[in-house]
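Asker: Give me a 3D structure for the following:
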Amino acid sequence: MANNGVAFGTSKNIKQIGRMDLPGGGLVAVENGYAYVGHMDPPYGTSIIDVRDTKHPKLVSQLEVPEGIHSHKVRVAGDVMLVNYERFKNKNEPQGGLKIFDISDKSKPREIAFFKAAGKGVHRFTFDGRYAYISPVMDGYVGNIVMIVDLKDPTMPEEVGRWWMPGQWTAGGETPTWHGTDHRCHHPIRGGNRLYVSYWHGGFVILDISDMSKPKLVSHLDYSPPYPCPTHTTLPMANKIMDRDIMIVTDEEVSEKLAPKPNAFLWVVDITEESRPIPISTFMLPYDGESTMASRFGAHQPAEQVYDNILYVTWFAGGLRALNFSNPYQPHEIGYYIPLPGKGQTTVQSNDVFRRDDGLLFLIDRYDGLEILESQV
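Answerer: Model prediction:
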């Protein structure tokens with residue numbers, strides 16, 4: 001089955017070992033034999049799935065959300081689960097923010113706290129078991145900002161520090177130099193005492209969080225424009241490659257593109273001298289069709305679990321791509337997996353992937369389906 005030149009149901013060096021129909025998801029996280037999926041559209045919120053038998057995953061519980069909210073991101077550490085509440089489709093209600101659950105009984109997640117945000121709420125975030133690094137909208141600011149929240153006591157989440165791009169704090173007299181919310185925090189990822197933060201059409205920033213109460217700017221790089229797609233994820237590699245510190249950056253194929261072409265692709269950035277990040281190469285998949293919001297074709301999200309020089313990156317209608325960065329100046333593809341469309345669907349939109357430490361991959365589609373895959377690279 002093909003769509004605009006994409007051959008669905010094809011693969012190289014990656015094979016399926018398990019699958020289940022599941023409402024479309026924005027993120028999948030896996031811990032201790034359970035997968036957690038944040039869903040795109042109400043009434044579906046978060047699903048908890050038993051994947052201890054990887055060939056036969058089983059739904060354990062499923063949270064619902066009110067109309068006008070999507071809770072499409074989820075992170076877990078032990079018995080604590082965090083999910084976002086974000087307004088969408090121009091809804092003004094209900095309240096957005098970050099919800100915290102006790103999941104000691106996975107069949108009955110129990111809400112224990114709600115960290116409230118303003119406007120649309122919280123978009124994306126990461127969680128290290130103690131601190132959450134979130135992208136909330138807050139009163140007095142234009143667009144999402146960077147915030148660090150302490151969950152030492154998960155029943156009482158507490159803001160530790162925040163950072164924003166100069167121009168966002170309109171209540172403090174600042175004036176944006178960009179259109180609307182084009183410059184906004186999308187996705188903070190921690191590495192040591194640094195936060196690597198994608199900032200949409202504002203590019204990316206590296207922040208020093210040695211003092212979490214006062215994050216400091218280390219560097220900022222913005223290439224949009226001239227490149228039309230916004231910056232989605234900034235992921236540092238685990239170890240030096242060819243004696244260099246390397247960060248992988250994915251743009252996102254979205255309707256907010258500044259121009260029709262090129263489609264979103266992936267950057268390799270040398271951050272050895274972190275005050276002067278330098279793009280040194282790119283990776284792009286050729287495409288002879290038209291990327292639409294119903295069937296996007298372009299870069300999205302790498303598995304954030306980094307163990308070596310190989311990354312697995314979702315590419316929407318391009319499925320899942322396995323990329324080798326052993327030579328960061330010449331990244332190359334070593335495998336791929338393009339699913340068949342899920343139940344009732346005519347296209348594939350591979351949205352997020354989790355790489356477990358045993359090498360198994362958990363792939364979620366934006367429209368339908370969770371797949372468990374085995375890599376042979």
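
Asker: how close does Met247 sit to Trp200?
Answerer: Distance from Met247 to Trp200, counting by Cβ to Cβ, to the nearest Å: 17 Å. Bear in mind the C-beta positions are built from the backbone N, C-alpha and C, glycine included.

Asker: and those two? which has more neighbours close in?
Answerer: Trp200 (28 against 23; other Cβ atoms under 10 Å).

Asker: Please name the bridge partners of the more buried one.
Answerer: His183, Thr231 (DSSP bridges).

Asker: Pull the contacting residues for it.
Answerer: Contacts for Trp200 (Cβ atoms under 8 Å, 6 or more residues apart in numbering) come out as 143, 181-186, 230-231.

Asker: Who wins on neighbours among those?
Answerer: Busiest of the contacts of Trp200 [other Cβ under 10 Å] is Cys185, holding 31 neighbours.

Asker: If I look at that one, what pLDDT would I see?
Answerer: We have a pLDDT of 98 for Cys185.

Asker: Contacts made by the strand or helix carrying it with the rest, please.
Answerer: Cys185 belongs to strand 183-191 when assigned by DSSP states H and E. For strand 183-191, contacts defined as Cβ under 8 Å, 6+ apart pick out 123-126, 128, 131, 133-135, 142-146, 164-165, 167-168, 176, 195-202, 209, 230-236, 304.

Asker: From these, list the buried ones, please.
Answerer: 123-126, 131, 133-135, 142-146, 164-165, 167-168, 176, 195-202, 209, 230-236, 304 (16 or more other Cβ atoms under 10 Å).

Asker: mind listing which of those residues are in strands?
Answerer: 123-126, 131, 133-135, 146, 195-200, 231-236 (DSSP state E).

Asker: what about Leu221, distance to Ile206?
Answerer: 9 Å.

Asker: if I look at these two, which residues touch both of them?
Answerer: Contacts common to Leu221 and Ile206, judged by Cβ under 8 Å, 6+ apart, are Pro277.

Asker: Name the nearest of the contacts of Trp200 relative to Arg19.
Answerer: Arg19 lies nearest to His186 out of the contacts of Trp200, by Cβ to Cβ, at 29.4 Å.

Asker: State the phi and psi torsions of Pro286.
Answerer: phi -70, psi 150 (degrees, to the nearest 10).

Asker: same question, Thr170
Answerer: Torsion angles, degrees, to the nearest 10, at Thr170: phi -70, psi -30.

Asker: residues contacting it?
Answerer: So Thr170 contacts 140-142, 176 (Cβ under 8 Å, 6+ apart).

Asker: Out of those, flag the one nearest to Leu361.
Answerer: Tyr141 (36.8 Å).

Asker: Cross-check the contact I'm expecting between Gly24 and Asp365.
Answerer: Yes. The criterion here is Cβ atoms under 8 Å, and Gly24 meets it with Asp365 at 6.2 Å.

Asker: Give me the common contacts of those two.
Answerer: Taking Cβ under 8 Å, 6+ apart as the criterion, Gly24 and Asp365 both touch 349, 351.

Asker: quick one, which of those two is more surrounded?
Answerer: When neighbours are counted by other Cβ under 10 Å, Gly24 and Asp365 differ, and Asp365 comes out ahead with 26 against 20.

Asker: Give me the pLDDT value at the more buried one.
Answerer: 98.

Asker: try the one 5 residues further on
Answerer: The score at Leu370 is 98. That number is its pLDDT.

Asker: For it, which residues are in contact?
Answerer: Leu370 touches 19-20, 22, 25, 28, 35, 37, 49, 57, 362-364, counting by Cβ under 8 Å, 6+ apart.

Asker: same thing with His72?
Answerer: By Cβ under 8 Å, 6+ apart, the neighbours of His72 are 25-27, 38-40, 84, 86.

Asker: Narrow these to those in strands?
Answerer: Using DSSP E, the contacts of His72 in strands are 25-27, 38-39, 84, 86.

Asker: Same list (those) but as a markdown table, adding pLDDT.
Answerer: Formatted as a markdown table, the ones in strands among the contacts of His72 follow (pLDDT from 0 to 100):
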| residue | pLDDT |
| --- | --- |
| Gly25 | 98 |
| Gly26 | 98 |
| Leu27 | 98 |
| Gly38 | 98 |
| His39 | 98 |
| Asn84 | 98 |
| Glu86 | 97 |
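
Asker: Can I get the contacts of Leu370 in CSV including distance to Phe325 and neighbour count?
Answerer: Output for the contacts of Leu370, formatted as CSV (distance: Cβ to Cβ, whole Å; neighbours: other Cβ atoms under 10 Å):
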residue, distance to Phe325, neighbour count
Arg19, 29, 18
Met20, 31, 18
Leu22, 31, 24
Gly25, 26, 28
Val28, 23, 24
Ala35, 26, 27
Val37, 28, 29
Ile49, 30, 23
Pro57, 30, 21
Phe362, 21, 25
Leu363, 20, 26
Ile364, 23, 29
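
Asker: Around Ser375, how many other residues sit close by?
Answerer: Ser375: 18 neighbours (other Cβ under 10 Å).

Asker: burial of Asp357, as a residue count?
Answerer: 8.

Asker: Enumerate every residue touching it.
Answerer: Counted by Cβ under 8 Å, 6+ apart, Asp357 has contacts 305, 307.

Asker: doesn't it fall inside a strand?
Answerer: No. Assessed with DSSP: H, G, I helix; E, B strand; the rest coil, Asp357 is coil; it does not lie in a strand.
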